[in-house]
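Colleague: Got a sequence here, can you build the structure:
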Amino acid sequence: MRIAIIGASGRVGSHLISNIERSPNHQLAAAVVSSSHVSGDNTNGPAHRKYVAMEQMNPETWDMVIDFSKPDGTMELLRHVEGYSTPMVIGTTGFDETQNEEINTAALTKPILLSANFALGFELFAKAAIDLAKALPLLKAGVSEVYHARKKNEPSGTSKRLANDLAETLNLNDIPIDVQREGEVVGINKVSFNIGPVDLDIAFRVHDLNAYAEGAIQGAQLLQGKPNGLYGLHDLIFEQLA
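Modeller: Alright, predicted model coming up:
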């Protein structure tokens, strides 16, 4: 695949590019950053890598786009590729209601994979949490997260996804989310259950940012050939396992 990366200079974006450059099966079609960050050759990385702004990107030169930018960057991407049917993988989070509607509208004309957490194994972890919630006579349930100290001190897209799924499963209005920031922690997500005298915790720990990049590329491969529509990573993974 010829893959364009949006948010190419970001923490996950740089890992995506490295994975693509090492792969015999994929080609880097474009490394896209915001206009304010374009400075020709990347002075902080390989000299052969050139960053481009969105308006410089030609959608006809790629087979897939993977977006790990910011909500505004994703909206700019959707406008830039309007009229093209090339698949999109979106790992950006934090969209508001209007932006989510724009993504849903775009999915009428192209397959879009949207996920809050692409780390390999996360969907199995999330399914295990839901299966436990269905099977146990719970008194309480909660979600907690630990990420690096520079991340915003508010629930991540991953924790919101877990809490929403649990609330729906347990028919509750909401599930509490505990947010912690610590050093250089890549990501720890935990779901906790209380069953009277028993506490049961399951945790998902990511030790390397490359886990998100590898998972996004796997998601892109699963998305190839799919009909237009909005997909979650669980849709594609469990379809493959069925």
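
Colleague: Please name the residues that touch the most centrally placed residue in the chain.
Modeller: The residue lying closest to the centre of the chain (CA atoms, centre = their mean) is Gly91, at 2.7 Å. Counting by CB atoms under 8 Å, 6 or more residues apart in numbering, Gly91 touches 12, 66-68, 115-116, 118, 212, 216. The C-beta positions use only the backbone N, C-alpha and C, and glycine is treated the same way.

Colleague: do Phe68 as well
Modeller: Applying CB under 8 Å, 6+ apart to Phe68 gives the contacts 5-7, 10, 12-13, 16, 91-92, 212, 216.

Colleague: re the thing from before, can I get the contacts of Gly91 in TSV including pLDDT, distance to Arg79 and secondary structure?
Modeller: Shown next, in TSV, are the contacts of Gly91 (pLDDT from 0 to 100; distance: CB to CB, whole Å; DSSP: H, G, I helix; E, B strand; the rest coil):
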residue	pLDDT	distance to Arg79	secondary structure
Val12	96	23	helix
Ile66	98	18	strand
Asp67	98	13	strand
Phe68	97	18	coil
Ser115	97	22	coil
Ala116	95	23	coil
Phe118	98	24	coil
Tyr212	97	25	helix
Ala216	98	22	helix
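
Colleague: Nearest to Pro137, out of those: which one, please.
Modeller: Relative to Pro137, the closest of those is Ala116; by CB to CB it sits at 28.9 Å.

Colleague: about what we covered before: grab the two from the contacts of Gly91 that are most spread out in space.
Modeller: It's Ile66 and Ala116 that sit farthest apart of those, by CB to CB, at 14.7 Å.
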